[in-house]
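> below are the sequence and a predicted model for it; my questions follow.
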Amino acid sequence: MAGKMSHMTDRDLLGEAVAELYSSDPDEFVERRGALVARAREAGQAPAAKQIAALRKPTRSAWVVNRLVRADPAVTAELGELGDELRVAQDSLDGAAIRELSQRRRELIESLARRAFTVVGVSAPPAAIRDEVTATLGAALADPQFADTLASGALVRAVQAEGFGPVGRPTLTVVRGGGGGAARAPRSKTAQPARPAAPSAEEVRAERERRHRAAVAEAEQAASEASRAADAATAAEHELEATVQRLEEELADARQALAGARVQARRARTRQRSAQQALDRLR
């Protein structure tokens, strides 16, 4: 093993580390990263050790997407192809094609999200994580450059695209717990008939509704967690109050016992002195 490691380059060690870390459960990331850094140092590859140490732990939603693209590298190609078709339809102001492709986009993203959670063995994912996964897949469909990033299988944070406009690339933002502003409506290149505007508006409304549901789910989860935390804190408070009361009662009993013991000790010492004096007189 040592001989094999001595022949490994910095790139080999880094590539293996990335593949292992971003495929493993995020809860094991820090421990595994430390072991891989140590391994690289033992192999005499200090630059690789430094690069591995700089790798960032992925969120759970990013890890789910990483597992999907690593299990099926064709995923990014599926997203890219449909994204290209949708951009062509929007550029040509083809309302019928936009409606059909928009429906296909929803179906594809939902299908890929289900596959992603199947890959990681989660049958009922939390709504917030599911929304982040679908948002990230939608961003890859909207932005070819981000799709290339996604293909590496080393995503650190969930990402969402604000709209799917025909002009330029969409704005990508890091998802921090879901929610966010409304999606931007696509802009047409010329002031022509507003015939394709209806599908774009539908898409905007759908995106707003999705984000609203994500925000509601996040708020419900936060409220539930806060309620559980409050219940736990209240129970701990009551338990500590009971403990303090018990200790105070025990302390009061101990003090009373001590006072009684002192009285008995004084009496015993008095009797001892009297007895000694009587003995001295008899002598």
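Happy to help now that I have it. From a predicted model like this one, the values you see are computed outputs, not experimental measurements.
> run the chain-centre distance for stretch 241-249.
With C-alpha atoms, centre = their mean, to the nearest Å as the basis, stretch 241-249 stands 41 Å off its chain's centre.
> so for that stretch, mean pLDDT?
Over the span of stretch 241-249, the pLDDT mean works out to 77.
> got it, and stretch 85-95?
Computed over stretch 85-95, the average pLDDT equals 88.
> flag every buried residue along that stretch.
L86, R87, A89, Q90, L93, D94, G95 (16 or more other C-beta atoms under 10 Å). Heads up, the C-betas are built off the backbone N, CA and C, glycines and all.
> now the two most distant members of these.
Greatest spacing in the buried residues of stretch 85-95, by C-beta to C-beta: R87 and G95 (14.8 Å).
> rewinding a little: which among the buried residues of stretch 85-95 gets closest to E249?
Lowest distance from E249 to the buried residues of stretch 85-95 (C-beta to C-beta) belongs to L86, with 74.2 Å.
> where do the strands of the chain begin and end?
Secondary structure of the chain (DSSP state E): strands located at 159-162, 171-174.
> and the first one, which strands flank it?
I take that to be strand 159-162. Strand 159-162 sits in its sheet next to strand 171-174 (antiparallel), going by DSSP bridges.
> quick one: average pLDDT of the partner strand?
Here the average pLDDT along strand 171-174 is 64.
> switch to numbering from 24
Taking 24 as the first residue, the last one we looked at is strand 194-197.
> how is the chain divided into domains?
Domain assignment of the chain by automatic domain parsing yields the ranges 25-76, 83-206+220-252.
> of the ones you listed, which shows the lowest average pLDDT?
Note on the domains of the chain: domain 83-206+220-252 shows the lowest mean pLDDT, a mean of 81.
> that's all I had, so thanks and see you.
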